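S.K.: sequence isn't available, so here's the structure alone:
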């Protein structure tokens, strides 16, 4: 089985991950990371998980300003993503990338509605009034898949124009900035005109904008399929399984699930805001998410319960190696792994124990995160644990603290249970490996 996975499955996945499109998505989405991190701080400050502290912030009168900072950073990640994807595609192909990013931004704005719902409805619930303007709803989670499509197509077409040398060439001596602007003129005119035609056709034939159709027929079904217990089990299992064969599991699975998890996170926060605007407190809004289409699976959910102390939740193994192991190798790896493990980095353990290509440790390596994530999913589903919102601390935040900030005391409690459980999950397997290493070390000494 290992040979089959190494020769057939892993190369196929790596070929997929290394395609131009997936590389553009993976690297292009990183451009939105500063906006997410900064916006999450604003969000955390005016939506603290402790109600008394949240009320204190409200009493200071600074919530409108924090909210404005949030909607101008965190809530426009789809717009940033489409720029980053086209930019990365063009850069990887060796062309001037900024023009591609700007063209992609224009395309994305063409594809979204040019009106904002005014909130007026008739007796049957149909909207009766709209206002001209840019609806930020589509700049965040709801527009994520549309933004990715716009970025990929723009990068592809722009690079084709560059490759075929279908550009306006300026004479020598013209400043580089001016020359670059004219170089991108023909691709920009062609791509944007095509986007306008698509917009017009969708409006005439379907009565909706392209971004709305993408959301209805592509993004929403994808989110529904992945945001299930079965989907959580599959993707949680794949990450350590890839790591076992020496492939960075989080990178491979993240290339597929990253956009969906980000979209779920952004939609959860938009839902909380709508419920709060209807008169609910934050805690009431979070409690009402289950009945209003909230997503359990999201980026902060996976960061909180799947990757604590690193892929495979290896802290249990590290504790065994530090305090109970008898072999010199495991003792040394335990010392190397404890510091990094606190910040969710465990490469020293993966390659030093090793876990990679070590069949004796495969079962606990898969089982520990599976226990943690499925348990968290079920606890959220039955109402014990609140849904995650847009609050998302960096993935290197130590466990317990990240659980409290992302979810609340319930998240911190479940993380503590995960950490303890990981020790007992790894214990029999780690003991067997330790005895094997101890016997090998004794043989070498003899």
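M.R.: Perfect, thanks for sending it. Everything numeric here is computed off the predicted structure, so don't read it as measured data.
S.K.: per-domain residue ranges of the chain.
M.R.: If you go by automatic domain parsing, the domain ranges for the chain are 2-117+130-226, 304-445.
S.K.: now the first one, how far from the centre of its chain.
M.R.: Looking back up the chat, that one is domain 2-117+130-226. In terms of Cα atoms, centre = their mean, to the nearest Å, the centre of domain 2-117+130-226 is found 14 Å from the chain centre.
S.K.: still on that earlier bit, most packed of the domains of the chain?
M.R.: With neighbours taken as mean count of other Cβ atoms under 10 Å, the domains of the chain reach their highest mean count in domain 304-445, at a mean of 20. For glycine as for every other residue, the C-beta is placed from the backbone atoms N, C-alpha and C.
S.K.: what's the span of it from first residue to last?
M.R.: 44 Å (Cα to Cα, to the nearest Å).
S.K.: looking at residue 20 now. What's its pLDDT?
M.R.: Reported pLDDT at residue 20 in the predicted model: 91.
S.K.: for it, give me its contacts.
M.R.: Residue 20 sits next to 89, 92-93 when contact means Cβ atoms under 8 Å, 6 or more residues apart in numbering.
S.K.: the same query, at a cut-off of 7 Å, please.
M.R.: 89, 92 (Cβ atoms under 7 Å, 6 or more residues apart in numbering).
S.K.: can you check the one 5 residues further on too?
M.R.: Residues in contact with residue 25, defined by Cβ under 7 Å, 6+ apart, are 85, 148, 255, 259.
S.K.: does the third one really touch residue 26, like I thought?
M.R.: Yes: between residue 255 and residue 26 a contact is recorded at 5.0 Å, counting by Cβ atoms under 7 Å.
S.K.: I'd assumed residue 13 was in contact with residue 22.
M.R.: No: look at residue 22 against residue 13 with Cβ under 7 Å: they stay out of range, at 10.3 Å.
S.K.: re earlier: export the contacts of residue 25 to JSON lines and tack on distance to residue 412 and secondary structure?
M.R.: Output for the contacts of residue 25, formatted as JSON lines (distance: Cβ to Cβ, whole Å; DSSP: H, G, I helix; E, B strand; the rest coil):
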{"residue": "85", "distance to residue 412": "35", "secondary structure": "helix"}
{"residue": "148", "distance to residue 412": "34", "secondary structure": "helix"}
{"residue": "255", "distance to residue 412": "30", "secondary structure": "helix"}
{"residue": "259", "distance to residue 412": "28", "secondary structure": "helix"}
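S.K.: in the stretch 101-250 of the chain, which spans are strands?
M.R.: 115-121, 127-132 (DSSP state E, counting those that start in this stretch).
S.K.: can you pull out the low-pLDDT segments for the stretch 51-200 of the chain?
M.R.: 118-129, 132 (pLDDT under 70).
S.K.: between the contacts of residue 25, which is nearest residue 209?
M.R.: residue 148 (16.4 Å; Cβ to Cβ).
S.K.: from what I can see the closest one touches residue 258, true?
M.R.: No: using Cβ under 7 Å, residue 148 makes no contact with residue 258, being 10.0 Å away.
S.K.: for the stretch 151-300 of the chain, which segments count as helices?
M.R.: Secondary structure of the stretch 151-300 of the chain, counting by DSSP state H, counting those that start in this stretch: helices at 176-183, 185-205, 210-214, 220-226, 229-244, 249-277, 282-287, 299-305.
S.K.: any chance of these in TSV, plus distance to residue 377?
M.R.: Below are the helices of the stretch 151-300 of the chain laid out as TSV (distance: least, Cβ to Cβ, whole Å):
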stretch	distance to residue 377
helix 176-183	49
helix 185-205	36
helix 210-214	27
helix 220-226	12
helix 229-244	5
helix 249-277	13
helix 282-287	17
helix 299-305	8
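S.K.: and residue 429, which of those is closest to it?
M.R.: helix 229-244 (13.1 Å).
S.K.: and the gap between residue 439 and residue 320?
M.R.: 17 Å (Cβ to Cβ, to the nearest Å).
S.K.: actually, residue 26.
M.R.: Where residue 320 is concerned, residue 26 sits at a distance of 34 Å (Cβ to Cβ).
S.K.: with residue 384 instead?
M.R.: 30 Å.
S.K.: pLDDT at residue 268, what is it?
M.R.: Model confidence at residue 268 (pLDDT) stands at 92.
S.K.: that one: how many residues sit nearby?
M.R.: 26 (other Cβ atoms under 10 Å).
S.K.: tell me, what residue is most central in this protein?
M.R.: The centroid of the chain falls nearest to residue 258 when counting by Cα atoms, centre = their mean (3.7 Å).
S.K.: which residues touch it?
M.R.: residue 29.
S.K.: at 10 Å instead, please
M.R.: 25-26, 29-30, 144, 250-251, 299, 302 (Cβ atoms under 10 Å, 6 or more residues apart in numbering).
S.K.: and of these, the nearest to residue 233?
M.R.: For the contacts of residue 258, the nearest to residue 233 is residue 302 (12.7 Å; Cβ to Cβ).
S.K.: the closest one: neighbouring residues, count only.
M.R.: Residue 302 has 27 nearby residues by other Cβ under 10 Å.
S.K.: quick check, it in contact with residue 235.
M.R.: Yes: taking Cβ atoms under 10 Å as the definition, residue 302 is a contact partner of residue 235 at 8.2 Å.
S.K.: hang on, the earlier thing: show me which of the contacts of residue 25 is closest to residue 310.
M.R.: Among the contacts of residue 25, and counting by Cβ to Cβ, the member closest to residue 310 is residue 255, at 19.0 Å.
S.K.: pretty sure that closest one sits against residue 28.
M.R.: No: here residue 255 does not reach residue 28: they are 11.3 Å apart, not a contact under Cβ under 10 Å.
S.K.: picking that back up, which one of the contacts of residue 258 sits closest to residue 39?
M.R.: Taking Cβ to Cβ as the measure, residue 39 lies nearest residue 299 of these, at 13.0 Å.
S.K.: identify the residues contacting that closest one.
M.R.: By Cβ under 10 Å, 6+ apart, the contact set of residue 299 is 36, 254, 257-258, 260-266, 268, 388, 390, 392, 395, 406.
S.K.: residue 156 too?
M.R.: Contacts of residue 156 (Cβ under 10 Å, 6+ apart): 20-21, 24, 86, 89-90, 93, 100, 191.
S.K.: residue 104 versus that one, what's the distance?
M.R.: 11 Å.
S.K.: what do you get for residue 207?
M.R.: Distance from residue 207 to residue 104, by Cβ to Cβ: 26 Å.
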